[in-house]
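Colleague: sequence first, predicted model second:
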Amino acid sequence: MRGTGHVSARSRALILLVVALLLVLSSCTLTSPGPAFDTGAPDAVGSTGAATGGTANAREVSSLDGRRLTPREELADGGSLTLPLDNFPARWNLLHDDGATTDAGLILSATDPVLYDYDPQGTITPRPEFLTAMPALTRRVGRDVVTYDLNPRAAWNDGTPIDYRAFRAVWQVSREGVRRGGYRPVSSAGYEDIESIEAGANPHQVVVTFRAGRSFHPVTDLFVTLLHPAAASVATFNDGFSGDAFHPEWRAGPFTLKSLDTTAKTITLERNPHWWGRTPRLSQISFRHMTDSASLPAFTNGEIDATRIDTRARYAQVQQAPDLDVRASRRLQTTVLGFNTDDPTLSDTAVRKALWQAIDREQWNRVRYEGMNWTEGAVNSLVYFPFQPQSRDNMPVTHDPAAARATLEAAGYTRGSDGVFARDGRRVSVRYTGFGDDPMGNALAETLRTQAAAAGIEVQVTILPATEVEQVTRSRGFGILIMSLAANSPSPVSAVCQAMCSTHPFNITGAGSAALDARIRGLGSIADPDAQAEQINAVEKDWLTLYGLMPLANGPDIWAYHRGLANLGPAAFASIHPHWEDVGWTIESGRG
């Protein structure tokens, strides 16, 4: 989610369990929501203790929106905006497994169909430019049928109407996957359960029928974006959107392509003359790839209009920038500790449980966020954020070093003269692997080592170059590591399996069981949202007793903007689908 505080909306149908492995100690810390800067009180501190019992913290909910919402009539007609990118997209296709990146999602949310709006807490409403109402779910002849009513004006930039064929294209590329159909979709969840897609009572209605005995909920996790029918062949879908092949004619949004320079890693969008919605206030938006070290001086010098503030050093340095406006919301990611259940020492559930009891997550958060005007209680769930009403405390244990020692003793371990427990000649010594040279990463590793030592567990810290992240995670060559799980939808149902199913390739801890796998795969068939949330929480509560992923924190998504920029900024789920046509500079700022 770097770029402007926005998460890719389509990289998957769901929540956090995107092991798109932001395995870091420095950058996994902040990549999407935070404190109360957005209240207009720059000295306020966001308090984000985890919600329990299904009631979100009222103060936290009120401070989720950092967009500086401003009526369009108070914005200048024109002006440009330049935003930084962490990684310049190599593929311009959000439905492709290599195209669903956060930076691509940020850009394409301005040029492609977006069927839904989310408010900061995740309430979903139809985007009227594409949908005139929420999808209607009915039962016909023992089958689930979902009906979509489209805006009659909706059309691709080449003039092709947006109709049932766009839905069929998404279904075609998503339902089978690489092994059967040759396509490389980001997800087939839900699409594989569909039997047919046809036109409805009029050309602007789409009827999606599921197979007998199959269903998928929530249906809003399907068809979040659409695909031009001309792009639905295997060759075009897989390879036709790479490099400078942007294909603006196959898109539909308030902005369209003006220029694309893959060498300079810059893309500029301009107002789309074919757009039928509100005319954008900005004349153009540019996105530039920029390293962290370059983005802060570029912001201070006015070369870009926003930069992320994800370390205490950057937080201090940005205070010198002119026309500074700092905004924040809660990050739509969860930082976790992953415990490799195949590790010789960690293969014992008792050792993993003892480590969880030894780790003081509150202290970890104090170390991580010191000097950043942010406080946060420990996060107690992987599947829901504390501000969501479905959130529950699903943690199986609390911080208790004495209990950790008792756990090991009950499992037959004996504490040696060196203070470390051992059994059958094997000491309880665990590898911790970190990446990069960020001083904060080292501080957090030392915090973990010290906490584990108090419980009689030795943690050996190894810090590797950041370039080795993929190799280490793919080979599972670690004992413990820190990673981030990212959210791109208010519902976790499609993503739960990715982190918790025992055989899923994204489950790098290996924790799980066949019984839990079956329960997880049945979550999408539960139509009642409250009942579904209850079962998701029940599954997580049982899965966490396997001690595979320990939730630590969400953290803030803090961004610095130039004063006068309106209707853009970190806002939890509302950041996923920004209304780019309403982003602009206030008249009084003089930047329009």
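Modeller: The structure has been received and is ready for your questions.
Colleague: would you mind measuring from residue 207 to residue 198?
Modeller: In this view, residue 207 and residue 198 are 5 Å apart by CB to CB, to the nearest Å. No exception for glycine: its C-beta is placed from N, CA and C like everyone else's.
Colleague: neighbour count winner among those two?
Modeller: When residue 207 and residue 198 are compared for neighbours, residue 207 comes out ahead with 19 against 12, by other CB atoms under 10 Å.
Colleague: is that one bridged to anything, and to what?
Modeller: For residue 207, the beta-bridge partners are residue 147, residue 198 (DSSP bridges).
Colleague: wait, it sits on residue 145?
Modeller: Yes. Residue 207 lies in contact with residue 145 (CB atoms under 8 Å); the separation is 6.3 Å.
Colleague: show me where the stretch 1-150 of the chain has its helices.
Modeller: Ranges of helices within the stretch 1-150 of the chain are 58-62, 102-108, based on DSSP state H, counting those that start in this stretch.
Colleague: which of the ones you listed comes out lowest on mean pLDDT?
Modeller: Looking at these, the lowest mean pLDDT belongs to helix 58-62 (a mean of 45).
Colleague: so where is the stretch 51-200 of the chain shaky, pLDDT-wise?
Modeller: Residue ranges of the stretch 51-200 of the chain with pLDDT under 70: 51-62, 177-180.
Colleague: would you map the strands across it?
Modeller: Assigned by DSSP state E, counting those that start in this stretch, the stretch 51-200 of the chain shows strands spanning 80-85, 116-118, 124-126, 136-140, 143-149, 194-199.
Colleague: the first one: partners in the sheet, and parallel or antiparallel?
Modeller: Using DSSP bridges, strand 80-85 pairs in its sheet with strand 284-289 (parallel).
Colleague: which element is residue 516 on?
Modeller: Assigning secondary structure by DSSP states H and E places residue 516 in helix 514-521.
Colleague: now tell me what touches that helix from outside.
Modeller: Helix 514-521 is touched from outside by 496-497, 500-503, 535, 539, 542-543, with contacts defined as CB atoms under 8 Å, 6 or more residues apart in numbering.
Colleague: contacts for the helix or strand hosting residue 535?
Modeller: According to DSSP H and E, residue 535 maps onto helix 529-544. Identification of contacts with helix 529-544 by CB under 8 Å, 6+ apart yields 217-218, 381-384, 390, 392, 394-396, 492-493, 496, 500, 511-512, 516, 519-520, 523, 526.
Colleague: quick one, the helix or strand following that helix and helix 529-544 angle?
Modeller: Moving toward the C-terminus from helix 529-544, the next helix or strand (DSSP H and E) is strand 549-553. Counting by axes from the mean of the first three to the mean of the last three CA atoms, to 10 degrees, strand 549-553 lies at 110 degrees to helix 529-544.
Colleague: ok, now how distant is the nearest residue to residue 391 once chain neighbours are set aside from residue 150?
Modeller: Spatial nearest neighbour of residue 391, chain neighbours left out: residue 384 (4.1 Å); criterion: CB to CB, 6 or more residues apart in numbering. The gap separating residue 384 from residue 150 is 31 Å, by CB to CB.
Colleague: in terms of neighbours, single out the busier of the two.
Modeller: Neighbours of residue 384 and residue 150, each counted by other CB under 10 Å, are more numerous for residue 384; the result is 30 against 26.
Colleague: residues in contact with that one?
Modeller: If a contact means CB under 8 Å, 6+ apart, then residue 384 has 15, 390-392, 492, 533, 536-537 as its contacts.
Colleague: tell me which two in those are the farthest apart.
Modeller: Across the contacts of residue 384, no pair lies farther apart than 15 and 392, at 14.5 Å, counting by CB to CB.
Colleague: neighbour count: these two, which is higher?
Modeller: More crowded of residue 15 and residue 392, by other CB under 10 Å: residue 15, with 32 against 22.
Colleague: now the phi/psi pair for the closest residue in space to residue 458 that isn't next to it in sequence, please.
Modeller: Distance criterion CB to CB, 6+ apart; nearest residue to residue 458, sequence neighbours excluded, is residue 429 at 4.2 Å. Phi and psi for residue 429, reported as degrees, to the nearest 10, are phi -120, psi 130.
Colleague: how about the one 3 residues further on?
Modeller: Dihedral angles phi and psi of residue 432 (degrees, to the nearest 10) take the values phi -120, psi 130.
Colleague: tell me what it is bridged to.
Modeller: Bridge pairing for residue 432 (DSSP bridges) gives the partners residue 461, residue 480.
Colleague: how much space between the residue of the chain positioned farthest from its centre and residue 257?
Modeller: Distance from the C-alpha centroid of the chain peaks at residue 417, with 45.7 Å (CA atoms, centre = their mean). According to CB to CB, residue 417 stands 69 Å off from residue 257.
Colleague: and the buried ones among the contacts of helix 529-544, selectable in ChimeraX?
Modeller: Selection of buried members from the contacts of helix 529-544 for ChimeraX, criterion 16 or more other CB atoms under 10 Å:
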select :217,218,381,382,383,384,390,392,394,395,492,493,496,500,511,512,516,519,520,523,526
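Colleague: in helices only, show me the contacts of helix 529-544.
Modeller: Per DSSP state H, helices hold the following members of the contacts of helix 529-544: 496, 500, 516, 519-520.
Colleague: can you put the residues you listed in a markdown table and add pLDDT and distance to residue 70?
Modeller: Below are these laid out as a markdown table (pLDDT from 0 to 100; distance: CB to CB, whole Å):
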| residue | pLDDT | distance to residue 70 |
| --- | --- | --- |
| 496 | 91 | 38 |
| 500 | 95 | 42 |
| 516 | 97 | 47 |
| 519 | 96 | 46 |
| 520 | 94 | 43 |
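Colleague: ok, so of those, who is nearest residue 299?
Modeller: The closest of the ones in helices among the contacts of helix 529-544 to residue 299 turns out to be residue 496 (CB to CB; 37.7 Å).
Colleague: please identify the deepest-packed of the strands of the stretch 51-200 of the chain.
Modeller: Ranked by average neighbour count under the criterion mean count of other CB atoms under 10 Å, the strands of the stretch 51-200 of the chain are headed by strand 80-85 at a mean of 22.
Colleague: what's the offset of that one from the middle of its chain?
Modeller: On the basis of CA atoms, centre = their mean, to the nearest Å, strand 80-85 sits 21 Å off its chain's mean C-alpha point.
Colleague: contacts for it next, please.
Modeller: With CB under 8 Å, 6+ apart as the test, strand 80-85 has contacts from 2-4, 103, 106-107, 265, 282-290, 295, 298, 303-308, 565, 568, 583.
Colleague: among the residues you listed, name the buried ones.
Modeller: Among these, those scoring as buried are 2-4, 103, 106-107, 282-290, 295, 298, 304-308, 565, 568, 583 (criterion: 16+ other CB under 10 Å).
Colleague: show me where the stretch 201-350 of the chain has strands.
Modeller: Under DSSP E, counting those that start in this stretch, the stretch 201-350 of the chain gives strands at 205-210, 255-261, 266-271, 284-289, 306-308, 324-330, 333-339.
Colleague: give me the pLDDT value at residue 440.
Modeller: In this prediction, residue 440 carries a pLDDT score of 84.
Colleague: ok so it is a helix residue?
Modeller: Yes. Counting by DSSP: H, G, I helix; E, B strand; the rest coil, residue 440 is located in a helix.
Colleague: number of residues surrounding it?
Modeller: Around residue 440 there are 20 residues (other CB under 10 Å).
Colleague: hang on, isn't it packed against residue 370?
Modeller: No. Taking CB under 8 Å as the definition, residue 440 is not a contact partner of residue 370, at 9.4 Å.
Colleague: many thanks, we can stop here.
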